[in-house]
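[1] Starting from these lines, generate the structure:
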Amino acid sequence: MNDNQFAKKIVCVGAGYVGGPTMVVIANKCPEYKVTVVDISEVRINAWNSDELPIYEPGLKDRVDKARGKNLFFSTDIDRNIAEADIIFVSVHTPTKTFGEGAGKASDLQFIEQTARRIKENSTSPKIIVEKSTLPVRAAETMASILHSGNNSVRFEILSNPEFMAEGTAIRDMEEPDRILIGSHDTVAGNAARDELLKIYLKWVPKDKIITTNLWSSELSKLVANAFLAQRISSINSISALCEVTEADISEVAGAVGRDSRIGPKFLEAGVGFGGSCFRKDLLNLVYLCEYYKLEDVAKFWNSVVEINDNQMERFVNCILKTMFRTLVDKKIAIFGFAFKPDTGDTRDAPAIYICKRLLEEKARLSITDPHAISNARKDLSGIDERAEFVENPYEATRGAHALALITEWPEYRSLDYQKIFDSMSKPAFIFDGRNHLDHQKLFEVGFNVYPIGRPPLTHI
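    Numbers count the residues shown, from 1 in each chain. Reported below is the predicted structural model:
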């Protein structure tokens, strides 16, 4: 197709973990739309145009190969593509502020503002702007103020369309969503813009799974969804600490609780804590909003979810330190998994970062392995990694190690030859299973001293 044959032209500003996979799915499901992903990073765009995509996600490459060059394009020519677009998805980074008012909690909206100004400067025709980045409630108001400022006669209609994809299952989540949420102003123009976005999703999403709300409800819903999921993780992790001192088994407790239909079993697996780009950021943003509106008790409640998560990571480090005779100096610890979850190479806010930094503070030597996150692990520990090595082969990582700490529950770690691993390690050999992922009884029978989360340890010493 040439450009004139496409029904609409969609542009996504931001080629990251959200924008890239989202647009790949839309391009595959809507071949009559031209979909272009733009980004200021030439390195990232070049990777999207190569056989080595910048992110790992199951099913992503197959879908890129199917649509790229036909109706899916990746470009650094941001201004031209903005000018030609009918619909613009904004999927830029909204990190937590590290400076000034709200530092450590509020969202840093500088990239949103920069994008809004760039859209305004390059638009000569009406456009629909779709918030895909996770934003604080009423952020659309700020964007509208910029877009419609001065003597600009171009009209923009802003929609909120938060993503609910989980890394590792992003393609499936986009193709078979629990729900699609679209927020708009209840005006003639707002409803017309909403209907244009509906046309896209209705190509593959059943109508009863599409929720339409006002703009502010949609913006807030994303923060609240992540806050509720994070709260469940912190809740079960808090109980894992109680299980360890009472000799209860967290898996049995979670199994019993999860059978209650009002609660359900999801997100009730104890571990070393949550990570990823969203949970902590969105929780702290929610805390900041509550503090801003003087809802101090509500802010304290949600802040406690973050504190429990941080305490869980520290408990894991303290367990390693206490068990290994209260010194880790020059002891080699094999780290199994660095990504914040399996089936992704993403290490943003990964528990492994905190845990590894703490172990390095204790003068341990680390041998870090992960199927897809080694390059990111190097970056995350850059400058403090003189006592760390990064290896592809888990057997190499454990050779001569005093302990093995499993932090990410990659499926392949279950099928390793742990007798071979045990034989190559220093004795006594310890396994600290931060995800309760392995067969602890078998490991104990091999000869390991096994320390799970929320269960009694199995030890020979």
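
[2] Strands of this protein, start to end?
    8-13, 33-38, 72-75, 87-90, 127-131, 156-160, 180-184, 210-214, 332-336, 365-369, 388-390, 403-406, 430-433, 449-451 (DSSP state E).

[3] which helices and strands sit right next to the first one?
    Under the contact definition 3 or more CB pairs under 8 Å, 6 or more residues apart in numbering; DSSP states H and E, strand 8-13 sits against helix 19-29, strand 33-38, helix 78-84, strand 87-90, helix 110-121. Where you see a C-beta, it was placed from the backbone N, CA and C, and this is true even at glycine.

[4] export those to a markdown table and tack on mean pLDDT?
    What follows is the helices and strands packed on strand 8-13, written out as a markdown table (pLDDT from 0 to 100):
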| stretch | mean pLDDT |
| --- | --- |
| helix 19-29 | 98 |
| strand 33-38 | 98 |
| helix 78-84 | 97 |
| strand 87-90 | 98 |
| helix 110-121 | 94 |
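
[5] Report the central residue of the chain.
    In the chain, the centroid-proximal residue (CA atoms, centre = their mean) is Gly276; its distance is 3.6 Å.

[6] what's the weakest-modelled helix or strand in the protein?
    helix 139-147 (a mean of 89; mean pLDDT, DSSP states H and E).

[7] Could you figure out how far it is turned away from strand 127-131?
    Angle of helix 139-147 versus strand 127-131, following axes from the mean of the first three to the mean of the last three CA atoms, to 10 degrees, is 140 degrees.

[8] Could you tell me the angle between helix 139-147 and strand 180-184?
    Going by the same axes, to 10 degrees, helix 139-147 makes 50 degrees with strand 180-184.

[9] tell me which residues in helix 139-147 are buried?
    139-140, 143-144, 146-147 (16 or more other CB atoms under 10 Å).

[10] Check the gap between the residue of the chain positioned farthest from its centre and Lys120 for me.
    If you look at how far each residue of the chain sits from its centre, by CA atoms, centre = their mean, the farthest one is Asn151, at 39.7 Å. Asn151 is 11 Å from Lys120, where distance means CB to CB, to the nearest Å.

[11] same thing with Glu101?
    With CB to CB as the criterion, Glu101 and Lys120 are 25 Å apart.

[12] Same drill for these two, tell me which one is more crowded.
    Lys120 (19 against 9; other CB atoms under 10 Å).

[13] Hmm, Ala144 and the more buried one touching each other?
    No. Lys120 is beyond contact range of Ala144, at 10.7 Å (criterion: CB atoms under 8 Å).

[14] Could you list the domains of this protein?
    3-205, 218-461 (automatic domain parsing).

[15] ok, the nearest residue to Ser125 once chain neighbours are set aside - contacts?
    In space, and not counting its chain neighbours, Ser125 is closest to Val154: 6.7 Å by CB to CB, 6 or more residues apart in numbering. The contact partners of Val154, taken as CB atoms under 8 Å, 6 or more residues apart in numbering, are 120, 123-127, 147.

[16] Export those as TSV, with columns for distance to Asp77.
    Below are the contacts of Val154 laid out as TSV (distance: CB to CB, whole Å):
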residue	distance to Asp77
Lys120	18
Ser123	15
Thr124	16
Ser125	18
Pro126	21
Lys127	17
Leu147	21
